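Participant: Here's a sequence, model it:
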Amino acid sequence: MTKGGTRVIGRPGGADTPAEVQAGIFSKVEQLKAAQQGSTTTEASTLSATWKLLWTTEKETLFIVKNAPVFGTKAGGVYQVIDVDAKRLQNVITFPPSGAFIVDSSIAVEGPQRVSFKFNAAKLKTASRDWGVPPFGQGWFDTVYVDGKIRIAQDIRGDTLIVGNDGPPRIFE
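Facilitator: Down below sits the predicted model:
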């Protein structure tokens, strides 16, 4: 990982990252977290974007990405869309060419680095049909580092998310 760019060692994932590489990632995350300590990372101009997954330890995301072939597909891009002004968060795992798992949430800024969220809708989109999935869950995440190109968040469960800026917020339908 580099501070000024979006290069991250390893592919999107976390569970399959070798221990020595994972230790290096966590070390860099702690360095970047220390560099941003005390700063505000929840302003709309900083946080609102479509963020593309580079690396995570989030178990549900890793499970879906890893097991997509069981359902005759493969995972494509994984995104987190944040629109602070609209109070909206969307987590998306795409299944090319036209499928996706989409979870919509409402958000509230709780502090200089903390955002709380509550899931309010989820669907599995296939080429022929959309399947509603009962959403459940709420929590918070802290954006511990952001520089316009890369964002690092840690959540209520201790998971780490590293994402790269992929442009302004765009909602997946």
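Participant: Tell me the secondary structure of residue 65, please.
Facilitator: State at residue 65, reduced to three classes by DSSP: H, G, I helix; E, B strand; the rest coil: helix.
Participant: Do you have the helices of this protein handy? List them.
Facilitator: All helices of the chain, identified by DSSP state H, fall at 19-36, 44-47, 59-67.
Participant: Dump those into TSV; add distance to residue 149 as well.
Facilitator: Yep, even glycine has a C-beta here, placed from its N, CA and C like the rest. Below are these laid out as TSV (distance: least, Cβ to Cβ, whole Å):
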stretch	distance to residue 149
helix 19-36	12
helix 44-47	12
helix 59-67	21
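Participant: mind checking pLDDT for the residue positioned nearest the centre of the chain?
Facilitator: Most central in the chain under Cα atoms, centre = their mean is residue 80, positioned 4.4 Å from the mean C-alpha point. According to the prediction, residue 80 has pLDDT 97.
Participant: Residue 44 now?
Facilitator: As predicted, residue 44 sits at a pLDDT of 96.
Participant: what sits against it?
Facilitator: 83-85 (Cβ atoms under 8 Å, 6 or more residues apart in numbering).
Participant: same question, residue 88
Facilitator: 81-82, 104-107, 169, 171.
Participant: before we move on, the earlier item: quick one: buried ones out of the contacts of residue 44?
Facilitator: The neighbour-count test (16 or more other Cβ atoms under 10 Å) marks 83-84 as buried among the contacts of residue 44.
Participant: Let me know the closest of the contacts of residue 44 to residue 34.
Facilitator: Proximity of the contacts of residue 44 to residue 34, judged by Cβ to Cβ, is greatest for residue 84, which lies at 24.5 Å.
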